[in-house]
Structure formats: structure tokens, C-alpha cells
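*Asks:* what's the 3D shape of this:
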Amino acid sequence: MASKTEQKRAGRDRRKRAIRKKIEGVVSRPRLSVFRSSRHIYAQIIDDVNGHTLVAASTMEKELQEQLEGLKHTERARLIGKLVAERCLAQSIGQVVFDRNGFIYHGRVQALADGAREGGLNF
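*Replies:* Below is the predicted model:
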């Protein structure tokens, strides 16, 4: 019998596979993939055709530690969204496909998406 954690992970993996059947990041419109753990949130801009990560940002970055200190998780996610958008625009990436990676579009995932939109990304 699988533990509750294993069941949750299996459900997320099932949703993730269903989502990935429908979306793909191409050079003109790469994929914005989001992963959240219990403590951190990660965002990557991925070109699936070439298999390269073009831009990445997360709450683990040393330069952001002071800035993120004392903020709530959703506020941190919004800042990461803005940061990834800023880095994308620096590489002239304006449009992306949003990949919630099997997570529910709510809370931190939604805050990251909103932050990326505020930063200038279109999806």
C-alpha cells in the first residue's frame, strides 16, 4: 500500500504528463515551468526543441536571500515571477507557454504567474 505522499506524487505526475502532451516550448515561445517544494519555488524557461534551459530563477539564489527575508511564500513567488520575466526580456523572450507542472493553479503557482505577467511576459 502506497503512502499518502506517494499517492500525491503519483497524482501530480499523472497531471503533469497530461499537461505536457498538450504544450511544448519552442524557440519562438518557450515553456515557463514551475516547481514548488514546501519551502522554495523554482521557475525555468525551457526550449524543448533543443533541450536547453534559457532562463532560471528560484528562492535558493544567494543574491535574493536578503530581499526575500521576512516575506510570505506567495510574495516570494511573485518576486521570482518578476525576476524570471526581467531575465527573459533581457534575452528578448516576450512570449512563453505556462507549465504549472501538475500543481494546482492557486496560491504560489498563481502568484508566480501573476508576477511574470507584471514583469512583462505574455502567456
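*Asks:* could you pull out the helices for the chain?
*Replies:* 4-22, 65-68, 73-90, 108-118 (DSSP state H).
*Asks:* Quick check, central residue of the protein?
*Replies:* V34 (2.3 Å; CA atoms, centre = their mean).
*Asks:* List the residues that contact it.
*Replies:* Contact partners of V34, counting by CB atoms under 8 Å, 6 or more residues apart in numbering, are 41-43, 98-101, 103, 109, 112-113. (Glycine included, C-beta is placed from N, CA and C.)
*Asks:* I'd like the distance from it to A77, if you could.
*Replies:* 9 Å (CB to CB, to the nearest Å).
*Asks:* got any residues that touch both of the two?
*Replies:* Here V34 and A77 have 41, 109, 112 as joint contacts, going by CB under 8 Å, 6+ apart.
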